[in-house]
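Trainee: Sequence plus the predicted model coming up.
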Amino acid sequence: MVAEEAARGLTNRPGFLLSRVGTSAQAGFKTVLAQWEIRPLHFLVLMALNAATGPSQQELCRSLGIDSGNMVDLLDTLEALGYAKRSRDANDRRRHVITLMPAGQAALSQITDAVEQFDSQFLEPLDEVEQRQLVNLLAKLYAATAEAQGQGYSR
């Protein structure tokens with residue numbers, strides 16, 4: 001009885017609910033991405049490379065809020081998969097330019113389709129209006145986080 005009452009009390013706590021829903025969403029999202037041997041940050045880098053023409057490694061670090069050590073690891077993986085390529089800038093040999101390769105573009109298209117399918121299935125309990133409201137509210141909450149404001153990840 002006491003445990004059931006405590007559990008009911010937790011379902012009224014937004015932090016608890018967001019934590020549990022987030023854990024479920026994260027697990028499903030990672031399972032989708034694992035089909036291409038990548039993790040969420042790899043997907044973020046692929047999307048950034050698709051949106052920009054030849055950004056430098058440092059530009060990616062700054063714009064995505066990823067430290068340089070992690071970026072090296074992420075790019076190593078994307079290069080090994082044939083999705084991206086690092087090369088020296090012809091005008092500045094200190095600068096590494098990152099290029100999205102054709103295999104990366106093809107994979108990104110497939111991954112994006114799979115992520116959209118996952119999102120649809122995950123949000124299926126909500127109608128279309130509720131889905132848009134949820135996304136808007138989550139975006140508003142995210143915008144207020146230290147990570148979204150370029151201050152790194154809060155713990």
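Mentor: Arrived safely, thanks for sending.

Trainee: so what's the residue most central in space within the chain up against?
Mentor: Centroid-nearest residue in the chain, with CA atoms, centre = their mean: Pro40, separated by 4.2 Å. By CB atoms under 8 Å, 6 or more residues apart in numbering, the contact set of Pro40 is Gln26, Phe29, Lys30, Leu33. Using the backbone N, CA and C atoms, a C-beta is placed for each residue, glycine as well.

Trainee: With Asp67 instead?
Mentor: Taking CB under 8 Å, 6+ apart as the criterion, Asp67 is in contact with Cys61.

Trainee: Check Lys85 too.
Mentor: Contact analysis of Lys85 by CB under 8 Å, 6+ apart lists Glu79, Ile98, Thr99, Met101.

Trainee: Go again with 7 Å.
Mentor: Lys85 is in contact with Glu79, Thr99, Met101, counting by CB atoms under 7 Å, 6 or more residues apart in numbering.

Trainee: just to revisit the earlier point, go through the contacts of Pro40 and flag which are in helices.
Mentor: Gln26, Phe29, Lys30, Leu33 (DSSP state H).

Trainee: what about the last one, distance to Arg13?
Mentor: Relative to Arg13, Leu33 is positioned 29 Å away (criterion: CB to CB, to the nearest Å).

Trainee: Around Ile111, how many other residues sit close by?
Mentor: 21 (other CB atoms under 10 Å).

Trainee: Could you look up the SS state of the closest residue to Pro55 other than its chain neighbours?
Mentor: For Pro55, ignoring the flanking residues on the chain, the nearest one in space by CB to CB, 6 or more residues apart in numbering is Ile98 at 5.9 Å. Of the three states, Ile98 takes strand under DSSP: H, G, I helix; E, B strand; the rest coil.
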